[in-house]
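Trainee: model the following, please.
(2 chains)
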Amino acid sequence: MLRFNILVLACLSYATLLFVVAFWAEKRAEAGRLGWLRSPMIYTLSLSIYCTAWTFYGAVGYAVRSGLEFVTIYLGPSLMMIGWWWILRKLVRIGRVQRITSVADLISSRYGKSTTLGVLVTLLAVIGTTPYIALQLQSVALSFAVFGVNDPSGAVLPDLDKTALWVAVGLAVFTALFGTRNLDANERHHGVVTAIALEAVVKFFALVAVGVFVVWGLGDGIGDLMAKIDASPVAQHPIQGTRWIALTMLSAAALLTLPRMFQVLVVENSDESHLFTAGWAFPLYLFGMSLFVIPIAVVGLEVLPAGSNPDMFVLTLPLHADHRLLATLSFLGGFSSATSMVIVAAIALSTMVSNHIVMPIWLSAQGKGGATVSGDVRRVVLYARRLSIFGVLVLGYLYFHFSGGSEALASIGMISFTGVAQVLPAMLGGIFWRGATRLGAILGVVTGFVVWAYTMFLPSFGAAAGFTPELLEHGPLGLTLLRPQALFGVTGVDPVVHAVSWSLALNTLLFLLGSLFSFPRPVERLQGAQFVNVFEHSGSTRSWSHGFAEAEDLLVMAQRILGPSEAQALFQSEALAQGKEGYLPDTTPEFIERLERELAGSVGAATAHAMLGQIAGGVVVSVEDLMAVADETAQMMEYSSQLELKSEELSRTARKLREANEKLTALSIQKDAFLSQISHELRTPMTSVRAFSEILRDGGAAGDLDAASLERFSTIIHDEAQRLTRLLDDLLDLSVLENGQVSLNWARDNLHDVISKAVNASAEGRTMAIRRNEIAEHIAIETDPDRLAQVFINLIANARKYCDAPTPELRIETRRLGRDRLEIDFIDNGSGIPKDKQAVIFEKFSRLTDHAKAGGAGLGLAICREIVANLGGTIAYLPGQGGAAFRITLPRVRARG
Amino acid sequence: MGKRVLLIEDEPNIIEAIRFILSRDGWTVETHADGATAVEAVGRKRPDVVILDVMLPNKSGFDILRDLRADADHAARPILMLTARGQKKDRDMAEAAGVSYFMTKPFSNSEMLETVRRLAGTSDEASGEGHG
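Mentor: Residues are numbered from 1 along each chain as shown, chains lettered A, B, ... in the order given. You can find the predicted model right below:
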């Protein structure tokens, strides 16, 4: 008897071997030395994950229970590979051209990158695959148990549950290690695929070895076997036509729709031509796997004690015969079948879960701009993958744990097949019918899913899920039409056939109706055309590596983008590096990559790739590429519109500069005029002073001046000298006021006192009546009383000087404006200021009358305006008052801040 | 009757000074203060020398000068221009307009007298001999 510990050791050694092989293959792939790792045989062997523990152990049990029917499971995929390989070829081509990563991705891409469909298919795949994973865990646990029971020491009686847990953990670690080593855009996993190929060989030889042992070791060869078969109950099962057809179709569909099969068939495919080899080699492999099922079943029934689990015959027969080596090999075969399935399924599901569920949630949680740092996203994707792998295995373990381990492996497999087959209408419709729409696909998948869950998946849980025998018998709430296994009154049909036909029929019907009655969006139409006409759009398997690019074509294009001199320099340097002369290097992949990088700097990565793809690669420009090109174009347009804005801004600045210059020129002209004015105002009195002083000097010498003239001339000199002084004072005053450098002496005062002071100070000159309402003038005001008085004096003096009435009179009227302001008007009874001059009287040197009367330089009102402004008020000419009228408005309180 | 000067000026003190200086030398000094009617005054009085201020009410001295020169009657009449704006461009403008002599305020009394004498002499032979 085989010691259990030795089995565990063998098992661990085998697992280590798988790790080593996977690691080694991964290293070779990284180094670019794939060699035979890319051979069609490896591809074919990787397809063998179709044969799980269900086929390794379960087929024999199936044969015991239902005779030859197990053959349908092998028949479906074989027919598919031989008869309908063109469907596979189309899928593989679409997968490569569109860079499809999973079934969910295929469906979602085809129907206009539909997120809904991506999520739906992912959920369907997870729900459909979880029982299957549980099944694998169970079979490994069971096989351990079989050994445990037979352990002579009896010391170790392994707990099924614990075993399954450890197997799940080990598989999760392996898958996370080799399934997420790198994020290849093509999602190819050379290490995993190589390890699986090895497992395929192991399980094949294990099963064949057990078969050979059974036929020739336990029996007496073929003749003896045939006689035994004829006598065996296995041969007594009648062949049910409908079940055969349904099961064959179902397993054929499973080849396309099972997530793990899609993974190895489409995603891991590196060369379309591998399909041709697989087309004959894979059916042959399946044939080999099925060849000894019946013999093992028949002999097992005959040799083993009654009541033995037929699902374990493959293992219990060698054990019963005490054939240690064969038993171990058989165990490793079963272990291989289970683990390879779980690993690939976990990779496929984790890709879907992370791409269609985790990433969209993460991205939307990040908000806009979250995905700008690509390194960030990469790390998140890796973590999402690893998390999903563990999640998938935890689900599988939990299913196993809570379902308590169903005895019949085959039924779980059927449920799983039927579940994932719900993708089939949308998949086939998507790649062969351009009229298929997103709505149709969603309706079909949802309907199929619901019907499958109701008629097959949930009833498999029995009463635990509420599907009691009563419900199965009478329907929910007594609605017999809705009996889960006799839907719409269709009775007497095998439950599997019933579920398969109803779910797929309703699925297809709604898919067709939905597609016919909805209108595809533009993206859907584009994608539809890309998928359906994939062979027209894509050349053969041309790629960068063996392209037909003419260096000349590339040069022409590069010149257009980079500019002639730069493009020629690039091509020349490359030609030189290749040891050639001239401008035309060989179009090696390295050169094309370099060129793509250079072009990408100018036109963006997507555009560069698409352009080179057109010329060099024969690679189809996908809608995604086009979208990316459009994005880049939009960015460039934005950039150029930014440039436009910039240039607009520049011209605005230029205009401002021009305006400023004009203003400066105007100011300069004003300054010239001002200086000219000052010069005039200063020189005029100086002329008089000089002329008369010369007269006095010369006259004094000659003695011909009378006393009256002498006095008159000296008076003129004195007056003009005073005029000069006053002028200089005014100019200084004005300059200080204009520059805002004046220091005001704010104080509280009574307006009446200020006006009185001004009236008294300007009493000199012509007689003029001044009329005031002194009572109204009693207003408290915070101001600079001296400066304000200066304004009043100026206005009173002006009136005295310029009022041309026979009896000059000045009215001073004061009033409050609300609480905070007050108004003072100075109105004389003269003829006033002509309308055309009213606007300029506050400007400097705007003296209106002749010099004689003025005696000032025309700065008075300019000074008044500046003082009032400094006091926070305004002064304006008040037209229409008969005489000259000025209105001053002032705040009663100094404005703070 | 002596030579006549027409003084076109609006500053009373300056008028008085020039009148004093010239009349002491035997000149008849007539005055006009308004720019607008200055050309008309010259035509009416036909003086031997015109003394013309630049800054006049209502019409600038330059405009008056241009108008006078445009009139054949006054094309050769001696015109002495006086200005308190001592910039070079004023002198240039005056010369371009055909001024006989350009003088900046404040002026020297003797220079004023000499200039008026000289201008009257070059334009009138008889008088020129008299002062020669």
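
Trainee: does any part of the longest helix along chain B sit near chain A?
Mentor: The helix that spans the most residues within chain B, counting by DSSP state H, is helix B:109-123. Yes - with C-beta under 8 Å from any C-beta of the partner chain as the criterion, chain A is reached by helix B:109-123 at B:109, B:110. From N, CA and C alone the C-beta is placed, and that goes for glycine too.

Trainee: packing partners of that helix?
Mentor: helix A:623-702, helix B:12-23, strand B:49-53, strand B:79-83, strand B:101-104, helix B:125-131 (3 or more C-beta pairs under 8 Å, 6 or more residues apart in numbering or on different chains; DSSP states H and E).

Trainee: got a markdown table for these, with distance to residue A:175 too?
Mentor: Shown next, in a markdown table, are the helices and strands packed on helix B:109-123 (distance: least, C-beta to C-beta, whole Å):
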| stretch | distance to residue A:175 |
| --- | --- |
| helix A:623-702 | 28 |
| helix B:12-23 | 113 |
| strand B:49-53 | 110 |
| strand B:79-83 | 105 |
| strand B:101-104 | 106 |
| helix B:125-131 | 128 |
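
Trainee: which stretch in the ones you listed has the least confidence?
Mentor: Note on these: lowest mean pLDDT is at helix B:125-131, with a mean of 38.

Trainee: three-state assignment of residue B:55?
Mentor: Using DSSP: H, G, I helix; E, B strand; the rest coil, the secondary structure recorded for residue B:55 is coil.

Trainee: from residue A:306, how far off is it?
Mentor: 141 Å (C-beta to C-beta, to the nearest Å).

Trainee: those two - which one has more neighbours?
Mentor: Comparing residue B:55 with residue A:306 by other C-beta atoms under 10 Å in any protein chain shown, the one with more neighbours is residue B:55, at 21 against 5.

Trainee: ok, the more buried one touching residue B:81?
Mentor: No - between residue B:55 and residue B:81 no contact is recorded; they are 11.3 Å apart, counting by C-beta atoms under 8 Å.

Trainee: so residue A:277 is in contact with residue A:45, correct?
Mentor: No - judged on C-beta under 8 Å, residue A:277 makes no contact with residue A:45 at a distance of 10.7 Å.

Trainee: that older thread, overlap in contacts, residue B:55 and residue B:81.
Mentor: residue B:61 (C-beta atoms under 8 Å, 6 or more residues apart in numbering or on different chains).

Trainee: mind checking the SS state of the spatially closest residue to residue A:578 that is not a sequence neighbour?
Mentor: Distances taken as C-beta to C-beta, 6 or more residues apart in numbering or on different chains place residue A:585 nearest to residue A:578, at 5.0 Å, with adjacent residues excluded. Here residue A:585 is coil, with the state taken from three-state DSSP.

Trainee: got the phi and psi for residue B:76?
Mentor: phi -110, psi 0 (degrees, to the nearest 10).

Trainee: what's the pLDDT at it?
Mentor: pLDDT, residue B:76: 88.

Trainee: burial measure for the residue nearest to residue A:683 when sequence neighbours are not counted, as a count.
Mentor: Among residues not flanking residue A:683 along the chain, residue B:84 sits closest, at 3.6 Å (C-beta to C-beta, 6+ apart). Counted with other C-beta under 10 Å, the neighbours of residue B:84 add up to 24.

Trainee: how about the secondary structure of the closest residue to chain B within the stretch 1-150 of chain A?
Mentor: Ranked by C-beta to the nearest C-beta, the top residue of the stretch 1-150 of chain A for proximity to chain B is residue A:113, at 78.6 Å. Look at residue A:113: counting by three-state DSSP, its state is coil.

Trainee: pretty sure it contacts residue A:527?
Mentor: Yes - here residue A:113 reaches residue A:527: they are 7.5 Å apart, a contact under C-beta under 8 Å.

Trainee: the two: who's more crowded?
Mentor: residue A:527 (26 against 17).

Trainee: report the central residue of chain B.
Mentor: residue B:51 (1.4 Å; C-alpha atoms, centre = their mean).

Trainee: and residue A:533, how far from chain B?
Mentor: 86 Å (C-beta to the nearest C-beta, to the nearest Å).

Trainee: an error on my part: the question was meant for residue A:336.
Mentor: 109 Å.

Trainee: what pLDDT does residue A:77 get?
Mentor: In this model, residue A:77 carries a pLDDT of 88.

Trainee: what about it, how many residues nearby?
Mentor: Other residues close to residue A:77 by other C-beta under 10 Å number 23.

Trainee: contact partners for it?
Mentor: A:50, A:251, A:252, A:254, A:255, A:282, A:283, A:286.

Trainee: per-residue confidence for residue 65?
Mentor: Chain wasn't specified; assuming chain A. On pLDDT, residue A:65 comes in at 81.

Trainee: wait, chain B was what I had in mind.
Mentor: 93.

Trainee: can you name the helix or strand that it falls in?
Mentor: Secondary structure from DSSP states H and E places residue B:65 in helix B:61-70.

Trainee: that helix near chain A anywhere?
Mentor: No - in terms of C-beta under 8 Å from any C-beta, no part of helix B:61-70 sits within range of chain A; the closest distance is 11.8 Å.

Trainee: what residues does that helix touch?
Mentor: For helix B:61-70, using C-beta under 8 Å, 6+ apart, the contacting residues are B:8, B:35, B:38-39, B:42, B:50, B:52-56, B:74-75, B:77, B:79, B:81, B:83, B:93-94, B:97-99.

Trainee: what about stretch A:102-122, distance to the chain center?
Mentor: Relative to its parent chain, stretch A:102-122 has a centroid offset of 18 Å by C-alpha atoms, centre = their mean, to the nearest Å.

Trainee: below-threshold pLDDT in the stretch 451-600 of chain A: ranges please.
Mentor: Across the stretch 451-600 of chain A, the ranges flagged by pLDDT under 70 are A:462-467, A:469-481, A:484-487, A:489-493, A:522-523, A:536-550, A:600.

Trainee: what are the phi and psi values at the residue in it that chain B sits nearest to?
Mentor: Closest to chain B within the stretch 451-600 of chain A is residue A:563: 55.5 Å, counting by C-beta to the nearest C-beta. When quoted as degrees, to the nearest 10, the phi and psi of residue A:563 stand at phi 100, psi 150.

Trainee: kindly report the same for residue A:788.
Mentor: The phi/psi pair for residue A:788 (degrees, to the nearest 10) is phi -60, psi -40.

Trainee: tally of neighbours for it?
Mentor: 25.

Trainee: does it touch residue A:870 like I think?
Mentor: No - judged on C-beta under 8 Å, residue A:788 makes no contact with residue A:870 at a distance of 10.3 Å.

Trainee: what residues does chain B put near chain A?
Mentor: B:10-14, B:16-18, B:20-21, B:33, B:55, B:57, B:83-87, B:104-110.

Trainee: select only the buried ones of those residues in ChimeraX?
Mentor: Applying 16 or more other C-beta atoms under 10 Å in any protein chain shown to the residues of chain B next to chain A, the buried members can be selected in ChimeraX as follows:
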select /B:10,11,13,14,16,17,18,20,21,33,55,83,84,85,104,105,106,107,109
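
Trainee: which one of residue A:277 and residue A:45 has more residues nearby?
Mentor: Using other C-beta under 10 Å as the criterion, residue A:277 and residue A:45 rank with residue A:45 on top: 25 against 15.
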